[in-house]
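Trainee: Provide a 3D model corresponding to the input given below.
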Amino acid sequence: MCYKDPEKGIAVVLEVIGGLKSAHGHTPLEDFDHFCTYSGLSENEVGRLPFLWTKSTATCRHGSPPTRQD
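Mentor: Numbering: from 1, shown residues only. Sure thing, here's the model as predicted:
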């Protein structure tokens, strides 16, 4: 796993869900960018590691890959 490397964690998550869209038509990164704009969260304010962990958590919560319907 990549628990100690949030950059790798984000890359792994985005491989799986990066192309998914929310109910509003946004990707996980678009939703995270909106969250940062709305909340004022920035890497400069909190530091790189906390910012990356927040980004990793936010993108993970975006949704699950679609399941196959037989």
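
Trainee: buried ones in the helix or strand of the chain with the lowest mean pLDDT?
Mentor: Lowest by mean pLDDT, DSSP states H and E among the helices and strands of the chain is helix 6-17, with a mean of 76. Under the neighbour-count criterion of 16 or more other Cβ atoms under 10 Å, helix 6-17 has 6, 9-10, 13-14, 17 buried. C-betas here are computed from N, CA, C, even on glycine.

Trainee: other SSEs contacting it?
Mentor: Counting contacts by 3 or more Cβ pairs under 8 Å, 6 or more residues apart in numbering; DSSP states H and E, the secondary-structure elements packed against helix 6-17 are helix 28-39, helix 48-60.

Trainee: So for the longest one, mean pLDDT?
Mentor: By that I understand helix 48-60. When pLDDT is averaged over helix 48-60, the result is 79.

Trainee: what's in contact with it?
Mentor: 6-7, 9-10, 13-14, 17, 28-29, 31-32, 35, 41-43, 46 (Cβ atoms under 8 Å, 6 or more residues apart in numbering).

Trainee: Quickly note the distance from the closest residue to residue 36 other than its chain neighbours to residue 58.
Mentor: Counting by Cβ to Cβ, 6 or more residues apart in numbering, the nearest residue to residue 36 once its immediate chain neighbours are dropped is residue 42, at 6.5 Å. Here the distance between residue 42 and residue 58 works out to 14 Å (Cβ to Cβ, to the nearest Å).

Trainee: Pick out whichever of those two has more residues nearby.
Mentor: For residue 42 and residue 58, the more surrounded residue by other Cβ atoms under 10 Å is residue 58, and the numbers stand at 19 against 10.

Trainee: And the residue nearest the centre of the chain?
Mentor: Computing the C-alpha centroid of the chain and ranking residues by Cα atoms, centre = their mean puts residue 59 first, at 1.9 Å.

Trainee: Please report how far residue 47 lies from residue 53.
Mentor: Distance of residue 47 to residue 53, computed by Cβ to Cβ: 10 Å.

Trainee: which of those two has more neighbours?
Mentor: For residue 47 versus residue 53, neighbours defined as other Cβ under 10 Å are more numerous around residue 53 (14 against 9).
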